[in-house]
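Trainee: Any chance you could fold what I've pasted below:
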Amino acid sequence: MADPAAVPTQPGLPDAPWEPPDDNPAPTVICDDLHVVYRLVVQGGSGSASSALRRILGGQGGGQVFKQVHAVRGVSMVAREGDAIALIGRNGSGKSTLLRAIAGLLPAESGAVYTSGRPSLLGVNAALMRDLPGEDNILLGCMAMGMTREEALERRDWIVDFADLGEFISLPMRAYSSGMAARLRFAIAASTSHEILMIDEALATGDAEFRRRSEQRIMELRDEAGTVFLVSHSLGVVRLTCNRAIWLEKGRIVMDGEANAVVDAYEAVYDPEVDKQERRRRRERKRRERQAAEQAARQVAEEARLAREAAAAQAGPGDPDTGPTPI
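Mentor: Got it, this is the predicted structure:
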C-alpha cells in the first residue's frame, strides 16, 4: 500500500482545486481554509475508584490532560447547485467532521463556512424520539425540517412506503433495528427537496432494493437543483450517484474532481479488497441485530394484543363502553 502522505505528489493528481464547467450554477456552500479542532479531556491518575473519588472531591489523584485532534486541516472548496459530491477516504480522514462543520454543528477553529441556505444533515435535523411510534416521528421530523403539519401529513404515505416499515410504523422507534431507523430517517429527509442535503453513510443500511431506491432519490434531488453531500465507503454508489468526489486524508483534500477520476485514483492507492472480510463481518453483525430487534418488536406487539384480550375478558359481558352489566 502506498504512503498516504505521498499521494498528493503522485503524477496525474491535480495540485489545483477542481474547477466546474464554464456555465457555473450558483454556489451553495463555500469552505474557506477551514480548520476544525477537537479538544478532548483525558483524566490523569489511575483508573481506580479511590482515584476517581479524590478527583471528584478536588483532592489529589491526578490533574486533567487536554488533547487536541486536528480533524479538518485547511479545506477550501465550492459546491454549486446540482452537485452531488461524495466525500471519500479511510476511517478518521475527517469526512463526517467536515459534514458537521458545514451543517453548523461544529465550530471552525479558523477559516469559515458560507452557505446559501440551511444545510440538512441526515439523522440530525430529523430529530426523532425513541419512545414515539414511527408515524408520530414522521410528523416530528418533517416539522423539524420546516414543513407545516399539513405538508407533513401530505408526505406521510410516501415516507411510509419509501421506508418500507409496514406494521412497524405504529410501534415505538425503540423497537426498530438500526437499519429500520436509518431507513425512516432517510425517507423523512428525502421526502422534500433540499437546497443542501448531507447524507452520512445512510446508504450502507437496508437491502439492495432500498439502496437502489435511495440512489435514485439522490439523483432526483440533484436534478431538482439542490446540492447533495454523500459520505460513503461504497465506491460503486459514489460512481453511480455523484458527479464529483473529494478525497480526504488526515483532514486534508488529496483530490477534488470528477467522481470516476477521483475513485480511480483512490483505488490505485487503496486496494478495494482491503478489509473486505471485516466489512462482511460487520454486515453479518448488523443483520443479526436487525433480526433481534424485529423479533423484539413482534413480541411487544403480541404482548400488547394479549393484554387487550385479557382486559376484555376481565371486563366480562355487557356494553363495551360501560363495562359489565350490573346485577
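
Trainee: Identify the residues contacting Leu230.
Mentor: By Cβ atoms under 8 Å, 6 or more residues apart in numbering, Leu230 lies in contact with Ala84, Ile85, Ala86, Leu87, Met198, Ile199, Leu203, Ile218, Val237, Val238, Thr241, Cys242. (C-beta placed from N, C-alpha, C; glycine too.)

Trainee: among those, which are in strands?
Mentor: Taking DSSP state E as the definition of strands, the contacts of Leu230 contribute Ala84, Ile85, Ala86, Leu87, Met198, Ile199.

Trainee: circling back: so which of the contacts of Leu230 sits lowest on pLDDT?
Mentor: In terms of pLDDT, Leu203 ranks lowest among those, with 58.

Trainee: sorry, back to before: closest one of the contacts of Leu230 to Ala190?
Mentor: Distance to Ala190, by Cβ to Cβ, is smallest for Ile218 among those, at 7.8 Å.

Trainee: Sort out which one of the contacts of Leu230 lies nearest Leu121 for me.
Mentor: Met198 (4.6 Å).

Trainee: Which residue ranges of the chain form helices?
Mentor: 49-56, 95-102, 134-144, 149-163, 178-189, 208-223, 235-241, 259-269, 276-315 (DSSP state H).

Trainee: Out of these, which is closest to Val37?
Mentor: Smallest distance to Val37 across the helices of the chain (Cβ to Cβ): 9.9 Å, for helix 95-102.

Trainee: so how far is that closest one from its chain's centroid?
Mentor: Distance, stretch centre to chain centre, for helix 95-102: 11 Å (Cα atoms, centre = their mean, to the nearest Å).

Trainee: and that helix, C-alpha only, in CSV?
Mentor: The C-alpha coordinates for helix 95-102 follow below in CSV (Å, rounded to 0.1, in the frame of the first residue of the first chain):
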residue,chain,number,x,y,z
LYS,A,95,-15.3,13.2,6.3
SER,A,96,-18.1,13.2,8.9
THR,A,97,-16.4,16.1,10.8
LEU,A,98,-16.5,18.2,7.6
LEU,A,99,-20.2,17.5,7.1
ARG,A,100,-21.0,18.5,10.7
ALA,A,101,-19.0,21.7,10.3
ILE,A,102,-20.8,22.6,7.1
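
Trainee: Run through who's touching that helix.
Mentor: With contact meaning Cβ under 8 Å, 6+ apart, helix 95-102 is reached by 29, 31, 34, 36, 38, 71-72, 75, 87-89, 106-108, 113, 115, 119, 121, 124, 196, 198, 200, 229, 231, 248, 251.

Trainee: Any quick PyMOL command for the buried ones out of those residues?
Mentor: Remark: buried members of the contacts of helix 95-102, expressed as a PyMOL selection using 16 or more other Cβ atoms under 10 Å:
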select buried, resi 29+31+34+36+71+72+75+87+88+89+106+108+113+115+119+121+124+196+198+200+229+231+248+251
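
Trainee: Show me which of the ones in strands among the contacts of Leu230 is closest to Arg174.
Mentor: Ile199 (23.8 Å).

Trainee: The closest one and Arg118, how far apart?
Mentor: 16 Å (Cβ to Cβ, to the nearest Å).
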